[in-house]
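Engineer: Provided below are the primary sequence and the corresponding predicted coordinates.
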Amino acid sequence: MQPILIVVELLVAVALVVTVLLQRSEGGALGMGGGGSGLGGLFSPRGAADTLTRTTAVLAVLFFLTCLALNLLALHGRTEKSILDSPAAPPITSVPAQKPALPVGGTPAPAVPTPH
């Protein structure tokens, strides 16, 4: 099931990129969609823009649904629980401060490094 969803995810992602690139920009200079307004309806600039907008929305929903499905499949076999499901942590007790251990030579390191 997971390989099928991965293939669907890739196809939807490529289709989403193509539909976004086909749409007109705010200035209308970069868009490739539209043209040929004599055919009316779907192939008018306005109809093509509406169709591409709807197609983008549908592909975005499909993309998110396949992402969720892949995540649910990936988490299905795990036995780990959520942090929210765990019992309350024991209270933190103060630990007395300990003196740092001496280096291997037995003499303490100088507090301030000496210049060279």
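Structural biologist: Nice, I can see it.

Engineer: what about the helices in this protein?
Structural biologist: Listed in chain order, the helices of the chain (DSSP state H) span 2-22, 45-75.

Engineer: Of all the ones you listed, which one is nearest T114?
Structural biologist: helix 45-75 (55.9 Å; Cβ to Cβ). Backbone N, C-alpha and C define where each C-beta goes, glycine included.

Engineer: Show me which residues of stretch 3-11 are buried.
Structural biologist: When burial is assessed from 16 or more other Cβ atoms under 10 Å, stretch 3-11 yields the following buried residues: 5, 8-9.

Engineer: And the nearest residue to L70 once chain neighbours are set aside, how far from V20?
Structural biologist: Excluding its sequence neighbours, the residue lying closest to L70 (Cβ to Cβ, 6 or more residues apart in numbering) is L5, at 5.3 Å. Remark: distance between L5 and V20 (Cβ to Cβ, to the nearest Å) = 22 Å.

Engineer: want to throw the helices of the chain into JSON lines with mean pLDDT and distance to H116?
Structural biologist: JSON lines is the format used below for the helices of the chain (pLDDT from 0 to 100; distance: least, Cβ to Cβ, whole Å):
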{"stretch": "helix 2-22", "mean pLDDT": "93", "distance to H116": "58"}
{"stretch": "helix 45-75", "mean pLDDT": "88", "distance to H116": "55"}
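
Engineer: Can you lay out these as TSV showing distance to V112?
Structural biologist: Formatted as TSV, these follow (distance: least, Cβ to Cβ, whole Å):
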stretch	distance to V112
helix 2-22	59
helix 45-75	53
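
Engineer: Leaving out the residues flanking it, which one is nearest to F63?
Structural biologist: V12 (5.0 Å).

Engineer: Now for the one you found, how many residues are close by?
Structural biologist: Neighbours of V12 under the rule other Cβ atoms under 10 Å: 20.

Engineer: Hmm, it is touching F64, no?
Structural biologist: No. Judged on Cβ atoms under 8 Å, V12 makes no contact with F64 at a distance of 9.7 Å.

Engineer: what's the overlap in contacts for these two?
Structural biologist: Common neighbours of V12 and F64 are not found (criterion: Cβ atoms under 8 Å, 6 or more residues apart in numbering).
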